[in-house]
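Asker: dropping a prediction and its sequence here:
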Amino acid sequence: MTSAHPAGHGMARAVATCFLPFAAGYLLSYVYRTVNAVVGPLIARDLGIDFAALGVLTSAYFAGFVAMQIPAGIMLDRMGPRRVQSALLLVAALGAALFAMADGIASLAIARGIVGVGVATCLMAGFKANTLFWPAERLGTANGILMASAGIGGAVATLPVAWLADAAGWRGVFWVLCAATVALSAIVWLVVPDRRAGKDEGLPDALAGVRVIFASRDFWRVVPLSASTQAAFQAYHTLWTAPWLVEVSGLSPAAVPGAMLAILLCIIPGYVLSGTLTDLAGRRGIDRHRFFAAYTAGFMVLQIVLAFVPFAGVAAILLWMGFVILGTGSVIAYVILTPLFPKELGGRLNTAINLVIFLMAFAMQATIGHALLAAEALLGTTRAGSHVAVLLAIVAIQAATWAWYLRGKGVRPR
């Protein structure tokens with residue numbers, strides 16, 4: 001078992017070797033996750049992909065991501081974050097190269113799924129490293145700052161990607177991502193300490209640990225709420241916010257990259273705020289479960305405001321910025337559940353949470369486009385009206401999981 005602090009390292013060196021490489025990985029994974037919000041229309045135009053198919057194509061990332069979660073959790077616990085992260089980043093680079101060369105919806109979806117496999121541990125490897133190198137009372141802050149790097153990744157995937165796409169085309173964007181991913185793989189391998197928690201396990205024991213997690217009543221009280229709110233957060237800010245801004249809020253398509261830049265930058269204060277407040281709540285004796293319930297309730301209320309109040313222009317952008325800030329509250333679920341399981345299950349726990357979250361995110365992102373078309377046909381509404389109807393249906397799903405969470409008396413407060 002390793003120490004909670006990086007032995008033999010000063011704080012600056014510990015941050016440089018045990019934290020920043022994983023923050024860079026999560027940043028890069030977020031570029032991959034959100035890049036289609038900008039280059040998607042270019043791909044659709046060049047290859048003749050329709051509106052609904054673009055959603056399915058973009059969601060293939062989540063399909064690959066989900067498929068890798070349980071194997072990734074076992075690998076992180078058995079081999080440590082350094083080895084797993086550096087190897088899987090090369091898989092992501094392969095996916096980016098295949099995407100750059102793809103010429104149809106099938107090859108694009110396969111390539112994007114491979115990217116999802118390759119970046120499947122970018123956040124979880126960082127979480128695992130945090131449990132190995134930092135004290136438990138700072139875990140919420142460390143996780144929140146790690147997740148804040150997604151804001152930089154999301155920002156890179158807006159105006160900078162738009163500029164690069166203008167200069168080199170959408171295929172050039174993915175060749176640049178491929179090269180950056182290979183470089184980061186090398187950095188992780190060269191600078192991150194090789195650490196693991198606990199003794200070596202055989203595969204049967206590793207799978208037994210997975211069963212312990214999925215058999216836990218605490219797990220199934222907390223995770224559905226995290227999954228439903230995060231699925232909405234992921235589906236919208238990685239793709240469907242951009243069409244909303246044009247079709248509901250009246251922005252011109254040319255204004256969307258700048259608007260998305262402002263919106264996605266809010267991931268940074270959102271994750272830092274939710275992580276820091278979670279730690280502060282714990283130190284002040286505030287029930288983290290009530291805090292999580294309040295945070296997610298605020299997120300749902302904001303979505304209802306989005307649906308019923310016809311904000312346009314700057315006001316709409318500000319409201320979507322608030323959506324992103326409140327949508328980052330998933331970090332609270334990880335912190336609530338981590339102390340309830342042995343440290344040697346940390347990788348498997350985090351990836352189990354991720355599995356449920358991104359399975360729902362995949363389903364939601366893949367179906368929103370079809371739901372929008374169906375709402376227009378069945379309700380006889382405009383595209384703007386169908387956006388509102390679909391968002392309200394998504395809020396109803398979140399409200400059901402929120403009610404389930406509140407009645408979870410078996411969850412032990414921390």
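Answerer: Okay, I see it.
Asker: before we move on, which element is Leu245 in?
Answerer: helix 241-247 (DSSP states H and E).
Asker: which other helices and strands does that helix contact?
Answerer: Packed against helix 241-247 by the contact rule (3 or more Cβ pairs under 8 Å, 6 or more residues apart in numbering; DSSP states H and E) you find helix 36-47, helix 256-265, helix 313-327, helix 383-406. C-beta: built from backbone N, CA, C; applies to glycine.
Asker: any buried residues in stretch 57-71, and which?
Answerer: Under the neighbour-count criterion of 16 or more other Cβ atoms under 10 Å, stretch 57-71 has 57-70 buried.
Asker: so which of the helices and strands packed on helix 241-247 gets nearest Thr158?
Answerer: Distances from Thr158 to each of these were compared using Cβ to Cβ; the shortest belongs to helix 256-265, at 4.0 Å.
Asker: send me the closest one as PDB with only the CA atoms.
Answerer: Once side chains and other backbone atoms are set aside, the C-alpha atoms of helix 256-265 remain, and they are given as PDB (Å, rounded to 0.1, in the frame of the first residue of the first chain):
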ATOM      1  CA  VAL A 256     -21.900  29.600 -32.100                       C
ATOM      2  CA  PRO A 257     -18.100  28.800 -31.600                       C
ATOM      3  CA  GLY A 258     -17.600  32.000 -29.600                       C
ATOM      4  CA  ALA A 259     -20.700  31.300 -27.500                       C
ATOM      5  CA  MET A 260     -19.600  27.700 -26.900                       C
ATOM      6  CA  LEU A 261     -16.200  28.900 -25.900                       C
ATOM      7  CA  ALA A 262     -17.800  31.000 -23.100                       C
ATOM      8  CA  ILE A 263     -20.100  28.200 -22.100                       C
ATOM      9  CA  LEU A 264     -17.400  25.500 -22.000                       C
ATOM     10  CA  LEU A 265     -15.000  27.700 -20.000                       C
END
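Asker: need the next SSE after it, C-terminal direction.
Answerer: Along the chain past helix 256-265, the next helix or strand (assigned with DSSP H and E) turns out to be helix 267-283.
Asker: against which helices or strands is that following helix packed?
Answerer: With 3+ Cβ pairs under 8 Å, 6+ apart as the test, helix 267-283 has helix 139-156, helix 288-308, helix 313-327, helix 331-337 packed against it.
Asker: what does the longest one rub up against?
Answerer: Read it as helix 288-308. Among residues not part of helix 288-308, those counted as contacts by Cβ atoms under 8 Å, 6 or more residues apart in numbering are 222, 225, 229, 232-233, 274, 277-278, 281-282, 319-320, 322-323, 326-327, 329, 332-333, 335-336, 388, 391-392, 394-395, 398-399, 402, 405-406, 411, 413-414.
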